[in-house]
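> Everything below, folded, please.
(chains A and B)
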Protein chains: 2
Amino acid sequence: MYFELKILGSNSATPVFNRHQTAQTLQIENEFFLIDCGEGTQMQLSKYKVKISKINYIFISHLHGDHYLGLVGLISTMHLFGRTKDLHIFGPPGLAEIITVQFKYSETVLNFHVIFKVLETEKNEIILRLPNVTIETIPLFHRIACCGFLFKETPKKRRIKKELMPEGISLQAIAQLKKGEDILDANGAIKYSVEELTWPRRKSCSYAYMSDTSYNESYLELIKDTDLLYHEATFLHELEKRAEDTHHTTALQAAQFASKAAVKKLVIGHFSSRYKDLTPLLQEAKRYFKNTYLAIEGESFSISDE
Amino acid sequence: MYFELKILGSNSATPVFNRHQTAQTLQIENEFFLIDCGEGTQMQLSKYKVKISKINYIFISHLHGDHYLGLVGLISTMHLFGRTKDLHIFGPPGLAEIITVQFKYSETVLNFHVIFKVLETEKNEIILRLPNVTIETIPLFHRIACCGFLFKETPKKRRIKKELMPEGISLQAIAQLKKGEDILDANGAIKYSVEELTWPRRKSCSYAYMSDTSYNESYLELIKDTDLLYHEATFLHELEKRAEDTHHTTALQAAQFASKAAVKKLVIGHFSSRYKDLTPLLQEAKRYFKNTYLAIEGESFSISDE
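So this is what the prediction gives:
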């Protein structure tokens, strides 16, 4: 399973030091999910060679401009490039109105359908099930309605041990074994054993996106054991009060959260424009959670399923 | 008089080949006028070292995204940078609604006033008079309500010939001479002659911005003798039919217009994304109007008042 996060931008509020605002893609097999879409995202997609025609699902965490202002431009470009496929956009109440009013005044009639799913940001819910992945919201604690997104790969089937397959076994029986079910004979005894004839399931990959939010453990259990966690770390911990006032998180807190949730890897982002050098944020987080990385645009984080 | 146009972007429709969408600043003395504001304009302003705090007047030609999508991000950044000065935005009906709905959902209360002036795009009108410059609309012929902008420097005063100034002449008399009025004695005879004691007025600078539009000579007289004309030239003339259908202009037509209007210099822009190399557009225009330049982002066009 190809499961890779690519950072397109991770600055907060304003674009500075050549750092763009929040946007990232998660590639799961051949599907590219776009998560947040700050101003200039279409240029970043082009720069980092993500084909916009491959994006069918867009997730917007909240309606601060640095997380969605690139959306109308991106949709317009999809239209001009001749898209006909449906586009699914998940976002808080108001997003549909914002998009619709702009296409009304530009008198744009899109060649494709945009299907808005309005998110209820205050509770965890499954918002999309695809063959390879299930996506659910993570309620966040920001100044306005805001949620993160949890991508969980569909549990994998067990892999059969080909060399041990009995001659003449039916395809139906093999499918049953892959699901983890023993095959019984007429007397109810085990004829073909799952344990003997298959390898254990490979672990399913998971990714949690959490921006913007104040430090809050309410949904820690939901994130437990996630392979990869992107958590905002707007400030150094010396600005804890400022983080609290603005409903953001410090690098130290992001690392504490990652540690308590026992995630495998932490990527921090949503950097305040006051930090030209991001090293202190990384150092602060690494003291509490060693496996931490900076969300630098253009960088990718791959999750292996082995 | 410092009078300089700076190109921040001049691609049409979509950003490609590292070319941004339409935006430019006109600097007249210490005032920076922003004309159109495509996606990413705030990054372009930063890249080309125009301080956003110096922009007090923004002019939006029409509500196609490539001409205004950078506006909300720019206003947000002005807010975050602590602006308190009024901001004046001139644009077609609908622009205020588009901006307002976005700040409503982001729950942003700006630290400064945004004053919208709704443009009546179908007739020429003066929309702003400042001490140094008068700005009027140029009705354009596009698919939706659209107008250009004509910047005319306020007529200059005559300069006095200091070495010829009679002793004891009053400040009031000097002011009168600068305005071009002779000073008469009690009998109505010329006491101090404007012709003798002053130099002719320096020519006032002017700049006309015309994008997007089909070829149309209705307002040619308005543009007559303009120092600098920016005219869209979306296509080569071999695509004249396509230009007509989409209400755009070809490079040849832009040059013809410049020639008929007897402007001093022509800058062409709003290039179709189909042209990676812009040389053919320049060559085509130059055949009909020699003093033509490409609107390449980062380039400046200065107008001298000598």
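> tell me which parts of the stretch 1-150 of chain A are close to chain B?
Contact residues (CB under 8 Å from any CB of the partner chain) of the stretch 1-150 of chain A with chain B: A:13-16, A:20, A:39-40, A:42-43, A:46, A:63-66, A:69-70, A:72-73, A:76-77, A:80-81, A:92, A:94-95, A:97-98, A:101-102, A:104-107, A:143-144. Bear in mind the C-beta positions are built from the backbone N, C-alpha and C, glycine included.
> and stretch A:108-121, what's its mean pLDDT?
Per-residue pLDDT values over stretch A:108-121 give a mean of 97.
> distance between the ends of it?
30 Å (CA to CA, to the nearest Å).
> Pull the residues that contact that stretch.
The contact list for stretch A:108-121 (CB atoms under 8 Å, 6 or more residues apart in numbering or on different chains) reads A:62, A:75-76, A:78-79, A:82-93, A:95-96, A:99, A:103, A:127-128, A:137, A:139-140, A:145-147.
> Give me the subset of these lying in helices.
A:75-76, A:78-79, A:95-96, A:99, A:103 (DSSP state H).
> Which of these has the largest number of neighbours?
residue A:75 (25 neighbours; other CB atoms under 10 Å in any protein chain shown).
> got the contact list for that one?
A:87, A:99, A:110, A:114.
> count of residues packed around the third one?
This points to residue A:110. If you count neighbours by other CB under 10 Å, residue A:110 ends up with 14.
> For residue A:296, which non-adjacent residue is closest in space?
With sequence-adjacent residues excluded and distances taken as CB to CB, 6 or more residues apart in numbering or on different chains, residue A:296 is closest to residue A:7, at 6.3 Å.
> Also residue A:259?
Nearest residue to residue A:259, sequence neighbours excluded (CB to CB, 6+ apart): residue A:289, at 4.8 Å.
> What is the neighbour count of that neighbour?
Residue A:289 has 23 neighbours, counted by other CB under 10 Å.
> measure residue A:111 to residue B:182 for me?
From residue A:111 across to residue B:182, the span is 69 Å (CB to CB, to the nearest Å).
> hang on, the earlier thing: put the buried members of the residues of the stretch 1-150 of chain A next to chain B into a ChimeraX selection.
In ChimeraX, this line selects whichever of the residues of the stretch 1-150 of chain A next to chain B come out buried by 16 or more other CB atoms under 10 Å in any protein chain shown:
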select /A:13,14,15,16,20,39,40,42,43,46,63,64,65,66,69,70,72,73,76,77,92,94,95,98,101,102,105,106,144
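> surely residue A:239 meets residue A:250?
Yes. Residue A:239 lies in contact with residue A:250 (CB atoms under 8 Å); the separation is 6.8 Å.
> And these two? Which one has more around it.
For residue A:239 versus residue A:250, the count of surrounding residues by other CB under 10 Å is larger for residue A:250: 26 against 16.
> who touches the residue nearest to residue A:259 in this structure?
Here residue A:289 is in contact with A:255-256, A:258-259, A:266 (CB under 8 Å, 6+ apart).
> need those in JSON lines with pLDDT, secondary structure and neighbour count, can you?
Converted to JSON lines, the contacts of residue A:289 look like this (pLDDT from 0 to 100; DSSP: H, G, I helix; E, B strand; the rest coil; neighbours: other CB atoms under 10 Å in any protein chain shown):
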{"residue": "A:255", "pLDDT": "98", "secondary structure": "helix", "neighbour count": "26"}
{"residue": "A:256", "pLDDT": "98", "secondary structure": "helix", "neighbour count": "19"}
{"residue": "A:258", "pLDDT": "98", "secondary structure": "helix", "neighbour count": "27"}
{"residue": "A:259", "pLDDT": "98", "secondary structure": "helix", "neighbour count": "16"}
{"residue": "A:266", "pLDDT": "98", "secondary structure": "strand", "neighbour count": "26"}
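> Quick check: pLDDT value at residue A:306.
On pLDDT, residue A:306 comes in at 52.
> burial of the residue nearest to residue A:296, as a residue count?
Residues near residue A:7, counting by other CB under 10 Å: 24.
> Measure how far the helix or strand hosting it is from the centre of its chain, please.
Assigning secondary structure by DSSP states H and E places residue A:7 in strand A:3-9. Taking the mean C-alpha point of strand A:3-9 and that of its whole chain, the gap between them comes to 9 Å (CA atoms, centre = their mean, to the nearest Å).
> and if you look at stretch A:170-179?
So, by CA atoms, centre = their mean, the centroid of stretch A:170-179 is 33 Å from its chain's centroid.
> got a list of contacts for it?
With CB under 8 Å, 6+ apart, stretch A:170-179 has contacts from A:157-160, A:165, A:183, A:192, A:194, A:197-198.
> 7 Å instead?
Residues outside stretch A:170-179 that contact it (CB atoms under 7 Å, 6 or more residues apart in numbering or on different chains): A:157-158, A:160, A:183, A:192, A:194, A:197-198.
> Stretch A:53-63 now?
Identification of contacts with stretch A:53-63 by CB under 7 Å, 6+ apart yields A:31-37, A:67-68, A:81, A:83, A:85, A:87-92, A:94-95, A:128, A:142, A:144-149, A:211-212, B:105-106.
> Contacts only, for residue A:299.
Contact partners of residue A:299, counting by CB under 7 Å, 6+ apart, are residue A:7.
> do that again at 10 Å, thanks
A:5-7, A:10, A:48, A:267, A:293 (CB atoms under 10 Å, 6 or more residues apart in numbering or on different chains).
> Show me how to select, in PyMOL, the buried members of these.
Filtering the contacts of residue A:299 down to the buried ones (16+ other CB under 10 Å) takes a single PyMOL command:
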select buried, chain A and resi 5+6+7+10+267+293
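> ok, back up a step: mind checking which of the contacts of stretch A:108-121 are in strands?
A:87-91, A:127-128, A:137, A:139, A:147 (DSSP state E).
> low pLDDT regions in the stretch 201-306 of chain A?
Low-confidence regions of the stretch 201-306 of chain A, defined by pLDDT under 70, span residues A:305-306.
> Spell out which residues of it are next to chain B.
residue A:273 (CB under 10 Å from any CB of the partner chain).
> Secondary structure class of the residue in the stretch 201-306 of chain A that chain B sits nearest to, three-state.
In the stretch 201-306 of chain A, no residue comes nearer to chain B than residue A:273, which is 7.9 Å away by CB to the nearest CB. Using DSSP: H, G, I helix; E, B strand; the rest coil, the structure places residue A:273 in coil.
> Many thanks, we can stop here.
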